[in-house]
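[1] I would like to see how this sequence folds:
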Amino acid sequence: MTIVQQFCETIDVRLSIGPDLIDITDKLSACVSRSHIIDGTASIFMVGSTGSLTTIEHEPGVVADLKQAINRLAPPDLPYAHELAWHDGNGHSHVQAALLGPSITLPIRSGKLRLGTWQQVVAINHDNRARKREIAVTIIGVG
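    The predicted structure is shown next:
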């Protein structure tokens, strides 16, 4: 009989004014190791409406390209209806985060995240102020 296990942990990261991003692959790999799950799935969720998660090749050129693309998708200097209600200047932050999404699901195989050679997981802050971001990690699988 195979027993399915669950492991939950939170990762905290500090990010500068957005778009700013940080490679969290090593932190996620450490969670997988602590979970003792050999084959399964890692569900990673960014708590908050102005943050997102994705995968990229985390090198300076791609990082710069992604930041520029994010600002082209939802430029900070456009008027946003959100700001009419809240006057906090971060309407673009909510739109950017929604377009990229707050979560990512990754396979775990042989006790490791199944990522490509040049693929890293990044957390992104889109807000117009520096933020401490909480990332909820749930790992489900067999040991």
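
[2] ok, and for the longest helix anywhere in the chain, which residues are buried?
    In the chain, taking DSSP state H as the definition, the longest helix is helix 60-73. Neighbour-count burial for helix 60-73 flags 63, 66, 70-71 (criterion: 16 or more other C-beta atoms under 10 Å). Any C-beta I mention is one placed from the backbone N, CA and C, and that applies to glycine too.

[3] Kindly reformat those residues as JSON lines containing pLDDT and distance to residue 139.
    Formatted as JSON lines, the buried residues of helix 60-73 follow (pLDDT from 0 to 100; distance: C-beta to C-beta, whole Å):
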{"residue": "63", "pLDDT": "97", "distance to residue 139": "27"}
{"residue": "66", "pLDDT": "97", "distance to residue 139": "26"}
{"residue": "70", "pLDDT": "97", "distance to residue 139": "28"}
{"residue": "71", "pLDDT": "97", "distance to residue 139": "33"}
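
[4] nearest to residue 30, of those?
    residue 63 (22.2 Å; C-beta to C-beta).

[5] I'd say that closest one and residue 20 touch.
    No. Applying C-beta atoms under 8 Å as the test, residue 63 and residue 20 come out as separate, 9.7 Å apart.

[6] Now do the strands in the protein.
    Using DSSP state E, the strands of the chain run over 4-15, 20-23, 39-47, 51-56, 103-109, 112-113, 120-125, 131-142.
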